[in-house]
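Colleague: got a sequence here, can you build the structure:
(2 chains)
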Amino acid sequence: MNPQETARQQLGHNIAMWGTPGSGKTTFLGALSIALSRQDQGWKLVGSDVPSTDALIKLATDLAGQRKFPQPTQGIERYRWNLVGAAPGRRRRRPWGGPGPEAVQIGLDLRDPTGEVYALNAASEDLVERLVKSRGIIYLFDPVWEFVKGNSFDYLYGVLLRIAHRMVDAGEFSDGSLPHYLAVCITKFDDVRVLETAEKLRLVTPDTEGLLGFPRVGDDDARALFRWLCEVSRSGNAELVLNMIKQFFHEDRVRYYVTSSIGFYVDPEFRLFDPDDVQNLIPDPDNPTQMKIRGPVYPINVTEPVTWLAQELAAQDRSRR
Amino acid sequence: MSRDSRELREVLSAAVTELGGSRWLTVVDLGQDGVGVWELYRDEAGTPRGELRWTTPWSALPSDDAAADQAIVDAVGPATRIPPLLVSTNSRGDRGDKVLERLGRRYPRAAAFTGEHPVDRMLLKVIARQPLTRFYELVALRRRAAGRLELVGCQLFPIGARRGDTGHVRVRCLPSDARGTVFAVAAYSRDTRFQLVSAQAIKLPPGVYDLTAELRRPGLVHFGGLPEGAAFGPERRAWSAIVSAIPERLDRATIVGHLICAVEISGPADRVERRLATAARMVEKTAAELVGGLKVTLLSYGPHAHHRNGKDVPIRFDAWAEEPSRVLAALRGLAGGGPASEGYPSAARIECVLAEVADRLEASPVPGRSALLLVGARPPCPPRSDVSQVLPCPRRRDWRVELRRLRRRGDIVLAAVHDRAVQTAHADDSAWHELGGGPPADLDDLDDLDVAELGAALELLPMKGRHVPLPLLEPR
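Modeller: Reported below is the predicted structural model:
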């Protein structure tokens, strides 16, 4: 890493994406900008260099415009984006006038490695290096994939031990936990199978604040859903994933989110969630082996883990200063 | 003194008319080549019959007159209440006349005749010109309540009818076995039991026939109005065997039927063509079996448009309870038009097909049983999102509910032909099993035999071994 790059990284918060192949890491990033636009809470995502800006444009337009999924990452993609907006709770101008608060700018240095590099091979060294240097991790857990393949544990275990090893060497494992913040994102909430599981567990509540009336799983219940989904994994090893998270991370630095990058289907005419017709993913009529997005993209819980990590890391920086 | 041929005919005719019960008439024929003894009687059906009971050439008779006479007397048998008729026709030399004279003395009450025409030909004419002494009826079937079949007689000729008289009857021939439909004529009177006169079988295409029955002679009825080339053959089965082959019940569908072909027209062109061709084969086969009794409905369908720019392939009724020829033309038109848009590949609007067919049947009932044949590749849409991940019907119709609704009518059966060659998102074809009430026929494996079985499953074609041996009486 050259000095310029080092300096740039220090400005932002190094957040890494982590997940099995096909868990939707790239799509998640593509949905991030769309989600911020949909929320209309003043937050926006801008690139901090030309390649990252181009990538941001492509990811978002593929997803929202073309209604197709971004091509999976080859190797490790790095996106340097800035999350810009009013700080939470400070959006209103002061009633007595005067200048408003300064815009908050949170630098994001997102790493999106292809899922394959998590496997225990030589290439994974680079990933480990990047995870070690990051302090925020977005871990995507794909329950559908896990149900079919049951290999989350395989992807997690080796890498986690290597990180731990590096942290021990660097003296950052003294309290027995990694220093990272971890946002565990249960993806594909738009999949009927995931939704039905959550419904059966009575973890779903209607989103009364949102205009569309999407179902939601509150962050407090997300962990329970995660636990259940681990229990039904194909290999039975997914339970270990939960235990490992518990063992390697500080409890207060882990949050669970039930997410969807594309959201549920919403009829453009009625603009309301229909519990009888939720699926926003269909086979592409031109190429039935591929899937495409059926209607508008309404990401669920995509910004929340990112902003949470960014805020926690920013707070950490402030406390260090 | 002997009398001539004309008088002989009159006497014979009167004598045959008088025959009945156990009475018979013996005719001694002293012919050109020898001596014959005929016995005339009426059989159980009242049909006059002439039977040559004994015959011998002149050369075989003893040369001694007394011995020769005795041989003839022996052949005549014991004296009956009716004395024999003695007939000499062109006998060789004067031997016949001499025997006639001597036999006249042996049977003093017997009438004696001389003539030129052979006795057998004269007897044939006399019998043929006899009036009927009983009603002649065609034995047919009638469908009673709940489809129960009963044997009935349809009068062809009244008592007194003669050679050349005609009668008319309208019957429906149903699918028959290889022997064909049996046309049986029975004799009936108030005093006698039903007696079979004749039974012949003919292989006819199922359908309605207006027949003309002509009385050729007592015991012989000729039926006209049959298709060219069709010919009667002997029916050798015992009457009891024919009767036992009659099914106890007859579904109305065997008489009239309504075939509804619902064909999915989305997909690869060659597959759509094959589906349409299969529907056409089904129509042709059923129409051939139910001549004049089949109405056909044709509808095409495809997938719903599940999103704004999706390709919608709506249900189109190309024919409703039309004649088969009209539907076959419509099928050709559909095939010529090419396939509809591929659209959503995972399901098609079968649930809407079921609903709309049920609606139409309620609004415009069609006589007879209806049979819905579904020919397609994609399964129906579920009523709501489910783990199949197939998008739900935009109208939230539930195909299982619609299926039950149709089946509750009690007058419709369903069968399915599944186009398995077209891969859908879900290989599971359990929906097709449910729709067809069993494993669906495979579009690519459907030969003529399978088409027939499919027709049988739809209750439009006869089940194997389930034929109707007698014609069904049709109102005129």
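
Colleague: point me to the residue of chain A nearest chain B.
Modeller: The nearest approach of chain A to chain B comes at A:Asp276, 3.7 Å away (C-beta to the nearest C-beta). Every C-beta, even on glycine, is put in place using the N, C-alpha and C of the backbone.

Colleague: hmm, B:Arg395 and that residue touching each other?
Modeller: No - applying C-beta atoms under 8 Å, one finds A:Asp276 not in contact with B:Arg395, separated by 10.7 Å.

Colleague: list the buried residues for whichever strand or helix holds B:Ala71?
Modeller: Using DSSP states H and E, B:Ala71 falls within helix B:65-76. Buried positions in helix B:65-76, judged by neighbour count with 16 or more other C-beta atoms under 10 Å in any protein chain shown: B:68-69, B:72-73, B:75-76.

Colleague: the helix or strand just after that helix - what's its average pLDDT?
Modeller: Note on helix B:65-76: by DSSP H and E, the next helix or strand toward the C-terminus is strand B:85-89. Throughout strand B:85-89, pLDDT has a mean value of 88.

Colleague: pretty sure B:Ser346 sits against B:Val390.
Modeller: Yes - with contacts counted by C-beta under 8 Å, B:Ser346 reaches B:Val390, the gap being 4.9 Å.

Colleague: between these two, point out the one with more neighbours.
Modeller: B:Val390 (25 against 21; other C-beta atoms under 10 Å in any protein chain shown).

Colleague: from B:Ala416, how far off is that one?
Modeller: 17 Å (C-beta to C-beta, to the nearest Å).

Colleague: what is the neighbour count of residue 129?
Modeller: Because you didn't say which chain, this covers chain A. Neighbour number of A:Glu129 under other C-beta under 10 Å is 14.

Colleague: actually chain B
Modeller: Other residues close to B:Arg129 by other C-beta under 10 Å number 15.

Colleague: need phi/psi at the closest residue to it other than its chain neighbours.
Modeller: Of all residues beyond its chain neighbours, the one nearest B:Arg129 is B:Arg163 (5.7 Å), with distances taken as C-beta to C-beta, 6 or more residues apart in numbering or on different chains. With angles defined as degrees, to the nearest 10, B:Arg163 sits at phi -50, psi 130.

Colleague: can you put the buried residues of helix B:65-76 in TSV and add pLDDT?
Modeller: Converted to TSV, these look like this (pLDDT from 0 to 100):
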residue	pLDDT
B:Ala68	89
B:Asp69	89
B:Ile72	90
B:Val73	88
B:Ala75	88
B:Val76	86
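
Colleague: any idea how far the closest residue to B:Gln423 other than its chain neighbours is from B:Ala68?
Modeller: Distance criterion C-beta to C-beta, 6+ apart; nearest residue to B:Gln423, sequence neighbours excluded, is A:Pro288 at 7.5 Å. Using C-beta to C-beta, we find A:Pro288 at a distance of 103 Å from B:Ala68.

Colleague: tell me where the chain has helices.
Modeller: All of this refers to chain A. A:3-11, A:25-39, A:50-60, A:124-133, A:143-148, A:152-169, A:192-200, A:219-231, A:238-248, A:303-320 (DSSP state H).

Colleague: oops, chain B please
Modeller: B:5-18, B:65-76, B:95-106, B:119-128, B:239-244, B:269-289, B:324-336, B:350-363, B:399-409, B:430-436, B:448-457.

Colleague: now the weakest link among those helices, please, by mean pLDDT.
Modeller: Taking the mean pLDDT of the helices of chain B, helix B:448-457 comes last: a mean of 74.

Colleague: tell me which residues in that one are buried?
Modeller: For helix B:448-457, by 16+ other C-beta under 10 Å, it's B:450-457.

Colleague: do the same with stretch B:187-205
Modeller: B:187-188, B:197-202, B:204.

Colleague: kindly reformat those residues as TSV containing distance to chain A and pLDDT.
Modeller: Converted to TSV, those look like this (distance: C-beta to the nearest C-beta, whole Å; pLDDT from 0 to 100):
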residue	distance to chain A	pLDDT
B:Ala187	72	93
B:Tyr188	69	88
B:Val197	70	93
B:Ser198	67	92
B:Ala199	63	93
B:Gln200	62	93
B:Ala201	57	94
B:Ile202	56	93
B:Leu204	51	83
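
Colleague: most widely separated two among those?
Modeller: B:Tyr188 and B:Leu204 (25.2 Å; C-beta to C-beta).

Colleague: what does chain B put close to chain A?
Modeller: Applying C-beta under 8 Å from any C-beta of the partner chain, we find that chain B lies next to chain A at B:306-308, B:310-311, B:342-346, B:383-387, B:389, B:391-392, B:394, B:396, B:423, B:425.

Colleague: show me just the buried residues among the residues you listed.
Modeller: So, by 16+ other C-beta under 10 Å, the buried ones in the residues of chain B next to chain A are B:306-307, B:310-311, B:342-346, B:383-385, B:389, B:391-392, B:394, B:425.

Colleague: and residue 137, how many residues sit next to it?
Modeller: Going with chain A. Neighbour number of A:Ile137 under other C-beta under 10 Å is 25.

Colleague: my question was about chain B
Modeller: 21.

Colleague: now for it: which residues touch it?
Modeller: By C-beta atoms under 8 Å, 6 or more residues apart in numbering or on different chains, B:Glu137 lies in contact with B:153-156, B:185-188.

Colleague: between those residues, which sits nearest A:Asp62?
Modeller: Closest to A:Asp62, out of all of the contacts of B:Glu137 and judged by C-beta to C-beta, is B:Cys154, at 79.6 Å.

Colleague: how about the residue nearest to the closest one when sequence neighbours are not counted, what does it touch?
Modeller: Once flanking residues are discounted, B:Cys154 sits nearest to B:Leu138: 4.7 Å by C-beta to C-beta, 6+ apart. By C-beta under 8 Å, 6+ apart, the contact set of B:Leu138 is B:153-154, B:156, B:169, B:171, B:183-186, B:213, B:471.

Colleague: tell me if I'm right that B:His168 and B:Thr212 touch.
Modeller: Yes - at 5.8 Å, B:His168 and B:Thr212 qualify as touching, with contact defined as C-beta under 8 Å.

Colleague: next one: A:Ile57 from A:Gly65, what distance?
Modeller: With C-beta to C-beta as the criterion, A:Ile57 and A:Gly65 are 10 Å apart.

Colleague: higher neighbour count, those two?
Modeller: Ranked by neighbour count (other C-beta under 10 Å), A:Ile57 and A:Gly65 place A:Ile57 first, with 12 against 9.

Colleague: so which residues on the stretch 101-250 of chain A come close to chain B?
Modeller: Residues of the stretch 101-250 of chain A lying near chain B (C-beta under 8 Å from any C-beta): A:191-193, A:196.

Colleague: from these, list just the buried residues.
Modeller: Buried among those (16+ other C-beta under 10 Å): A:191-192.

Colleague: same list (the residues of the stretch 101-250 of chain A next to chain B) but as JSON lines, adding pLDDT.
Modeller: Below are these laid out as JSON lines (pLDDT from 0 to 100):
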{"residue": "A:Asp191", "pLDDT": "92"}
{"residue": "A:Val192", "pLDDT": "91"}
{"residue": "A:Arg193", "pLDDT": "89"}
{"residue": "A:Glu196", "pLDDT": "90"}
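
Colleague: nearest to B:Glu273, of the residues of the stretch 101-250 of chain A next to chain B?
Modeller: A:Val192 (35.2 Å).

Colleague: burial check on B:Ala241, number of neighbours?
Modeller: 11.

Colleague: my guess is B:Ala187 contacts B:Gly46, does it?
Modeller: Yes - under the criterion of C-beta under 8 Å, B:Ala187 makes contact with B:Gly46 at 5.4 Å.

Colleague: what's the overlap in contacts for those two?
Modeller: Joint contacts of B:Ala187 and B:Gly46 (C-beta under 8 Å, 6+ apart) are B:132, B:134, B:195.

Colleague: by pLDDT, rank these and give me the bottom one.
Modeller: Lowest confidence among the shared contacts of B:Ala187 and B:Gly46: B:Gln195, with 89.
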